[in-house]
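J.: got a sequence here, can you build the structure:
(2 chains)
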Amino acid sequence: MIKINLLKSQKASKAIASQTAPAIEIKFKDTFQYALIGVFFAIVVGGLLFYYNDLQSQKKKIEQQIAELQTKKQALQQQQQKVLQEKQLLEQQIAAIKVEIERLDTVRDVVLGMKDYYPRFSSGLEFYTKTLPSDAWINAYRQSINLNDASMSVEFELNSLSFETLSNYGKKIEDARKSVFMGQIERKVNQAGFEYFTTKVNSQSLGGLTNDKH
Amino acid sequence: MFKRTSSPKSVVGVHITDSRVRIVEIDKDKKVLKEPVEKEITPQTKSDILREIVIGSGLSGKDTVGCLGVNDALLKVKRYPPTLSKKDLQDAIQNWVKIELSTTKEEMLYDVYLDNVPKSDGKLPAILVMTRKTTADELQNLLVSSGLRLQILDYEIVSIVNFCLEEKVPDPFAVLYVDETYALLVGYSAGNITHYFFHFNMQEHIINDDIELLESFFAEVRNIATLNDIRSFYLAGPVIDYDSLLDSFMQNLSILGILEPEAVPQGFRGKMFIPYSLCLRGLEK
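T.: Numbers count the residues shown, from 1 in each chain, chains lettered A, B, ... in the order given. Purely as a prediction, here's the structure:
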């Protein structure tokens, strides 16, 4: 059957496609489905926009937190740097103190080690000064001790107005200590015109001061 | 989705010519509910007479199918290959309608029917009917003011073809429809529709017993049939209600058969040919 209905086209805007009944049904269904799809997509797009905004706000918060944490990190790094510098300073001080302690320990050992040598060392000066004649005098006395081998050396310049005094003193101390050697007696005149005699006395003992005869 | 698929309880078919108004009402089983009505009218009296019929037959407010006369509308057919996509087909039809409408200056009403079944030539026929809006409004106002509820406005030629399609007349076919004051030769072949209008006044022949008028008409019909390669055709219309005249037609023309709605009471089957066909159209909303 040919389905013609001229009343259908009274609405000028009606599309040609809607002129047949099946087409109208299909179009209406399509329109309804499109409307449903449109609503669905509108909801989806709206949801995505909402989700996007939510993510954006979360992103901003996280960025702010990151910025705050970066600031804190920088502050902590500065503090760490400062503490490290203080630590290095303290370590340097500790090292210096340790060096000082070691040095003091060494000095203490030396001092303690040398303590045994003091009486013998002092007895050397005492020996030469007590036996010194009254008309002789010592000029430029030097006494030293070698801590490695405990050897002691004495060197002094002996002056006197009397040749014999010096000669006798020399014999006396050479007899008393074998390690003592007195040099040649020389005659000298000072600036005021006085005549006097001078000689040099050396003593080199190898840890054997105790063996010397007083 | 919300389309009403059920048929109406009854449908009224109204056929108005320049000399007659004919009304028939059938139910959804295609049975005639009341005795059909035919009354003679003039342009001045048709409104009043139609109103009287509607009121007298209790047809007020009933779904009605009307039709425009053969000279009140244009019918065109175009054939499209079925390989076209739905959208391309719609675009092609739309362009065709635009071109056809552009040839008129007046505001037009139109409708296009696309037959979705390919015909013997493998093509889909699209049938365009268009009319002046003033003409359609005039008929619509006439029917509505008479109390009828016009649902469908069909075309006289289409209603003739529709009856044959409903009766499953083999394709191709031709119908000679003879009314009181005019006659039509309608041809249908593979979806294509042709028609020819004859100024044959049957009433004048009956009143005056003018044999020459009748023979002249026969000759004209034969010529047109020959020109259009129509070898035989069916006879329909009020002419079949006139027995003596029917014999003349059967003897002088190559009539293949008579088309008449069997559901319509005897004596009205010729007159109610188009109103009944319009009712069938109304059942196929």
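J.: quick one, longest helix in chain A?
T.: Scanning chain A for the longest helix, with DSSP state H as the assignment, gives helix A:21-114.
J.: just the CA coordinates for whatever helix or strand comes next after that helix, please, in CSV.
T.: Using DSSP states H and E, the helix or strand that follows helix A:21-114 in sequence is helix A:117-130. What follows is helix A:117-130 as a C-alpha-only set of coordinates in CSV (Å, rounded to 0.1, in the frame of the first residue of the first chain):
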residue,chain,number,x,y,z
TYR,A,117,119.9,11.2,85.4
TYR,A,118,119.4,14.3,87.5
PRO,A,119,121.6,13.3,90.5
ARG,A,120,124.5,12.1,88.3
PHE,A,121,124.1,15.1,86.0
SER,A,122,124.1,17.5,88.9
SER,A,123,127.0,15.7,90.6
GLY,A,124,129.2,16.6,87.6
LEU,A,125,128.8,20.3,88.3
GLU,A,126,129.2,19.7,91.9
PHE,A,127,132.4,17.7,91.3
TYR,A,128,134.0,20.5,89.3
THR,A,129,132.9,23.4,91.5
LYS,A,130,133.8,21.8,94.9
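J.: what angle do helix A:117-130 and helix A:21-114 make?
T.: Interaxial angle, helix A:117-130 versus helix A:21-114 (axes from the mean of the first three to the mean of the last three CA atoms, to 10 degrees): 30 degrees.
J.: moving C-terminal from helix A:117-130, which element do we reach first?
T.: Secondary structure here is assigned by DSSP H and E; on that basis, the next helix or strand after helix A:117-130 toward the C-terminus is strand A:136-146.
J.: can you pull the contacts of B:Cys279?
T.: B:Cys279 sits next to B:11-13, B:24-26, B:30, B:65 when contact means CB atoms under 8 Å, 6 or more residues apart in numbering or on different chains. For glycine as for every other residue, the C-beta is placed from the backbone atoms N, C-alpha and C.
J.: which secondary element of chain A has the worst mean pLDDT?
T.: Taking all helices and strands of chain A together, the one with the lowest average confidence (mean pLDDT, DSSP states H and E) is helix A:117-130, at a mean of 80.
J.: how far away is A:Val154 from A:Gln58?
T.: To A:Gln58, A:Val154 is 94 Å away according to CB to CB, to the nearest Å.
J.: ok, those two, which is more surrounded?
T.: Neighbours per residue, other CB atoms under 10 Å in any protein chain shown: of A:Val154 and A:Gln58, the larger number sits with A:Val154, 22 against 10.
J.: circling back: averaged pLDDT, the longest helix of chain A. What do you get?
T.: The average pLDDT for helix A:21-114 rounds to 88.
J.: where's B:Ala225, which helix or strand?
T.: Here B:Ala225 sits within helix B:211-227, counting by DSSP H and E.
J.: what's the offset of stretch B:35-43 from the middle of its chain?
T.: 17 Å (CA atoms, centre = their mean, to the nearest Å).
J.: correction: the previous question concerned stretch B:137-154.
T.: 16 Å.
J.: residue 165: how many residues sit nearby?
T.: No chain was given, so I picked chain A. A:Thr165 has 19 neighbouring residues, counting by other CB under 10 Å.
J.: you looked at the wrong chain, it should be chain B
T.: 16.
J.: pretty sure it is touching A:Met1, no?
T.: Yes - with contacts defined as CB atoms under 8 Å, B:Leu165 counts as touching A:Met1 at a distance of 5.6 Å.
J.: contact partners for residue 128?
T.: I went with chain A, as the question did not name one. The neighbourhood of A:Tyr128, defined by CB under 8 Å, 6+ apart, consists of A:138, A:141, A:154, A:156, A:173, A:201.
J.: hmm, no, I was thinking of chain B.
T.: By CB under 8 Å, 6+ apart, B:Leu128 lies in contact with B:75-78, B:96-97, B:100, B:110-112.
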